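[1] generate a structure from the sequence data that follows.
(one chain, ligands or ions: 1)
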Amino acid sequence: MADSIHPDRPQLSQQRGPVVMRRNQVQQSTSEQRLLDSRGPSDWVHTDPWRVLRIQSEFIEGFGMLAELGPAISVFGSARTRPDDPMYAAAEEVGRKLVGAGYAVITGGGPGVMEAANKGASEAGGVSVGLGIELPFESGLNEWVDIGMNFRYFFTRKTMFVKYAQGFVVMPGGFGTLDELFEALTLAQTRKVTSFPVVLFGTSYWSGLVDWLRETMLADGKISAADLEMFTLTDDADEAVSYIVKAGELADAAAAEAAEVASQDVAEAESPQARERRVQDRLGSDGS
Ligand SMILES: C/C(=C\CNc1ncnc2c1ncn2[C@@H]1O[C@H](COP(=O)(O)O)[C@@H](O)[C@H]1O)CO
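    Okay, here's the model as predicted:
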């Protein structure tokens, strides 16, 4: 604090880092005093600036946990699917076969389809990831999660599903599953992500929705025909996995080609002769 030039008048100006405070904005306590004073009010833990830090810490923890995960697929589906439901066995098989194809399996870490996919992945010796969500009535991560984290916020958790997965398998589910499915489709449609294979598993469950997308959404001009090619429908775990594997291979080939074009651009920018050589090579390889 700058000393007051008039000893009988209160201090009028205060500098806190780059911030200047004057007159009645001058604060009588220092930041450190307030930090160390445990008797202060506690309502700040419910304020937005504090929440922002908590959100930030979820991103940091999540990114830290998953940064070295390797190729992964997110499996979505109902929290309510019981172990005696055929979809439970199907999700287990999908989890197992994804591991067989070299992928880690990411789920919401809850019960039902999530638990089944984690079980299949874990029993197959793969990496079984659960991104749980703190709910008022929830029981925590299922027992088949081998790497897991419980999120406070749905939106930070959703970022992890998308950032660390190369594709999605969507099993029958309710609102939560539809939310995750349409998040993935919207990101692919708007090119926020490139190449995002989406498998709708369970033809009888999903075909009504797909018919509606075609007959109402598409017919009414709210989506384009290409948007309906962003996903496939199947009842077969092998088919689901091979669709994802093929999409991955196409994406890798496209990325390699883009890298090649970029490196040629760099070479051409450096040397006009390189461009001339490439034109000559092309003419030669075309036989013209
Ligand atoms: C509703 C019940 C349990 C909720 N427990 C959940 N734990 C983890 N993740 C969940 C949970 N509920 C929903 N999710 C997410 O949404 C998808 C499933 O939602 P749906 O509405 O059941 O389709 C799932 O992929 C999760 O990511 C007990 O009944």
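
[2] element containing residue 253, please.
    Here residue 253, judged by DSSP states H and E, is contained in helix 237-270.

[3] buried stuff in that helix?
    By 16 or more other CB atoms under 10 Å, the buried positions in helix 237-270 come out as 237, 240, 241, 243, 244, 245, 247, 248, 251. Placement of C-beta: from N, CA and C, glycine included.

[4] now stretch 61-70
    Under the neighbour-count criterion of 16+ other CB under 10 Å, stretch 61-70 has 62, 65, 66, 69 buried.

[5] what's the closest of the buried residues of helix 237-270 to the ligand?
    Set against the ligand, the nearest of these by CB to the nearest ligand atom is residue 240 (15.9 Å).

[6] three-state assignment of residue 106?
    strand (DSSP: H, G, I helix; E, B strand; the rest coil).

[7] mind pulling up the pLDDT for the spatially most central residue of the chain?
    The chain has residue 162 as the residue nearest its centroid, 2.3 Å off, counting by CA atoms, centre = their mean. On pLDDT, residue 162 comes in at 93.

[8] these two touch, right, it and residue 183?
    Yes - under the criterion of CB atoms under 8 Å, residue 162 makes contact with residue 183 at 7.2 Å.

[9] quick one, what contacts residue 129?
    Applying CB atoms under 8 Å, 6 or more residues apart in numbering to residue 129 gives the contacts 66, 69, 72, 104-107, 109, 118, 145-148, 164.

[10] which strand or helix spans it?
    Using DSSP H and E, residue 129 sits in strand 128-133.

[11] direction included, what does that strand pair against?
    Strand pairing for strand 128-133, determined by DSSP bridges: strand 104-107 (parallel), strand 147-151 (parallel).

[12] residue contacts, the residue nearest to the centre of the chain?
    For residue 162, the contacting residues are 74, 183, 184, 187, 193, by CB under 8 Å, 6+ apart.

[13] rerun that using 10 Å as the cut-off
    By CB atoms under 10 Å, 6 or more residues apart in numbering, residue 162 lies in contact with 74, 106, 168, 180, 183, 184, 187, 188, 192, 193, 196.
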